[in-house]
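Colleague: how would this look folded up:
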Amino acid sequence: MKEDLSFHRKSYDKKSMKFEDLKDNPMEQFRDWFLQAESCEGVDEANAMAISTISLDGFPRTRIVLLKRFTDEGFIFYTNYNSQKGIALLENPNICLSFFWPYLEQQIIIKGIAEKTSENTSDGYFETRPRGSQIGAWISQQSSIIDENEDLELEVKTLEQDYEGKEIPRPSHWGGFLVRPVEIEFWQGRPNRLHDRVRYVLQEDYDWKKERLAP
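Modeller: Residues are numbered from 1 along each chain as shown. Alright, predicted model coming up:
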């Protein structure tokens, strides 16, 4: 089976990105683009991002997760620390995040170093989750192989009964990662594949170097 996709293409012509108009700090520029995407009716789940890690077998692995917070320090998402991505990051904290908003013809690529958030930060976010999601964090042994007949719904009901009328604590194997960026690229689609690209690179003095890239 084969399919030729040679003629599948789209012209990007909605916007342009001028180097001199971008902020000197990429986190401020990210905030501007993100808020624009979040308020745009044509963008669904602006905080959905692809994250790539290096697995223990040496292969990169990419999946979609949700950004839950960003600050001057970096980008925070939450996961099971025993999952494939959790184990990979604890072994090799190098990570790449990617946001793509087709409606705006924009992409942001972030290289960074991941570290666990504080327990207080993880606890604080866990408390905001719906009870069903809190229970799910206890039930799901994420990425592990389970029996095809295992009844997860029954386990959920059992745990709901156990915690009826009680607060559900955060499991120790579940929490956040903070990704501290070392490089951020902003990409704006343009006609004839002459896309606008600007990259910020963190310097040793913690200032950011801004440079234009060829499309």
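Colleague: switch to C-alpha atoms for all contacts and neighbour counts from now on
Modeller: OK.
Colleague: Tell me where the model's unsure across the chain.
Modeller: 142-151 (pLDDT under 70).
Colleague: buried sites along the top strand by length along the chain?
Modeller: The single longest strand within the chain, with elements called by DSSP state E, is strand 174-188. Under the neighbour-count criterion of 16 or more other C-alpha atoms under 10 Å, strand 174-188 has 174-188 buried.
Colleague: Ramachandran coordinates for residue 51?
Modeller: Main-chain dihedrals, residue 51, degrees, to the nearest 10: phi -120, psi 140.
Colleague: How many residues are close by it?
Modeller: 20 (other C-alpha atoms under 10 Å).
Colleague: what sits against the residue lying closest to it once chain neighbours are set aside?
Modeller: Leaving out its chain neighbours, the residue that sits closest to residue 51 by C-alpha to C-alpha, 6 or more residues apart in numbering is residue 97, at 4.5 Å. Each residue near residue 97 by C-alpha atoms under 8 Å, 6 or more residues apart in numbering is listed here: 49-52, 109-111.
Colleague: Work out the sheet partners of the helix or strand where residue 97 lies and label each with its direction, please.
Modeller: Here residue 97, judged by DSSP states H and E, is contained in strand 94-101. Using DSSP bridges, strand 94-101 pairs in its sheet with strand 48-54 (antiparallel), strand 106-116 (antiparallel).
Colleague: surely residue 115 meets residue 178?
Modeller: Yes. If you go by C-alpha atoms under 8 Å, residue 115 and residue 178 touch, sitting 5.4 Å apart.
Colleague: Now do the longest strand of the chain against strand 94-101, angle only.
Modeller: Using axes from the mean of the first three to the mean of the last three C-alpha atoms, to 10 degrees, the inter-axis angle of strand 174-188 relative to strand 94-101 is 60 degrees.
Colleague: tell me which strands and helices strand 174-188 is in contact with?
Modeller: Applying 3 or more C-alpha pairs under 8 Å, 6 or more residues apart in numbering; DSSP states H and E, one finds that strand 174-188 makes contact with strand 75-80, strand 106-116, helix 119-128, strand 196-202.
Colleague: any idea which helix or strand carries residue 33?
Modeller: Secondary structure assigned from DSSP H and E places residue 33 in helix 26-38.
Colleague: Name the surrounding residues that touch that helix.
Modeller: Under C-alpha under 8 Å, 6+ apart, the answer for helix 26-38 is 22-23, 43, 45-47, 71-72, 74, 101, 104, 184, 200, 208.
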